[in-house]
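Visitor: sharing a model prediction with you, sequence too.
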Amino acid sequence: MMDSVEPMNWQAFKSTLLHNPDKHLQFQYAEGEFVDASFHITEIKQAPIVSVDCGGKMNTWTEVIMQLWEPSIQEAGRSMTVSKALSIINLVEKSLPLNPLATVKIEFGNSRFDTRQMYPGDFSIDSDTFTVNLTPDFTQCKAMTRGQSCGITPAGEACCAPAVATTPVQPVLELVEVDALVCAPGSGCCS
C-alpha cells in the first residue's frame, strides 16, 4: 500500500479526459476490480478544506470529488464514453466553476467495497478504453512533513507520551504583621 501519492489537480485530470473523448471510460478501484460499466457520475462536489494540524498550523486546500454509483441492475454492456463524462462535467461547471488547482478524488463504493475517496493514479489506454486506475487515499501527519511531529514539547516529549505523575506544589504563605490585622470582638473592625 502506498503511503504517498502526488495528487492530480482538476485541470490536469480534465485535460487528460479531453485528449481521449472517444474512448470508453472505466475506473479500476483494486487489482482486477472495475466499477461496473453501468456506472453513473452522480455528482461532482467542490469541497474547500480548512484544518488545523497536530502541530498547530492551519492548512487550506480544495478538493473536487467525482462520485460514481453502480445501479443494482446492469443497464449497459459498455461504459459511457469519455465525451459523455465530459458533457456531465460541463453541465456541472455551468453551475459550479471548479477550481483548476483543486485536488481530484473519485468517490466510489459498492456491496463488496466500502465507499471511499481515492486518487486518480495512472491511466491505461487501449484501442477503445480509457481506464483511470484509482489509488487509495491515506492519512498523514502534516507536522512531520515540516520536520515536526505531533505536538512535541521543547523537552522532547511527544503529545501521546504517558503522563508523568507529579506531586502538586503547595504554596507557602508568609504572614506579616499578624497582630495588627486580627479583629477582636468589640474592637469595631467589622463595622
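Guide: Received it, and whenever you're ready, just let me know what you need. All of these numbers come straight from a predicted model, not from anything done at the bench.

Visitor: buried ones in the longest helix along the chain, by neighbour count?
Guide: In the chain, assigned by DSSP state H, the helix with the most residues is helix 82-95. Buried residues in helix 82-95, counted by 16 or more other Cβ atoms under 10 Å: 82, 85-86, 88-89, 92. From N, CA and C alone the C-beta is placed, and that goes for glycine too.

Visitor: residue boundaries of the helices in this structure?
Guide: In the chain, the segments counted as helices under DSSP H are 10-18, 82-95, 142-145, 178-181.

Visitor: determine the set of other helices and strands touching the third one.
Guide: Other helices and strands packing on helix 142-145, by 3 or more Cβ pairs under 8 Å, 6 or more residues apart in numbering; DSSP states H and E, are absent; none qualifies.

Visitor: what's the answer for the first one, then?
Guide: Secondary structure elements in contact with helix 10-18, counted by 3+ Cβ pairs under 8 Å, 6+ apart, are helix 82-95, strand 103-110.

Visitor: strands along the protein, start to end?
Guide: Counting by DSSP state E, residue ranges of the strands within the chain are 24-30, 33-34, 40-52, 58-69, 103-110, 113-125, 129-136.

Visitor: where does this protein have low pLDDT?
Guide: Low-confidence regions of the chain, defined here as pLDDT under 70, cover residues 1-5, 149-166, 172-191.
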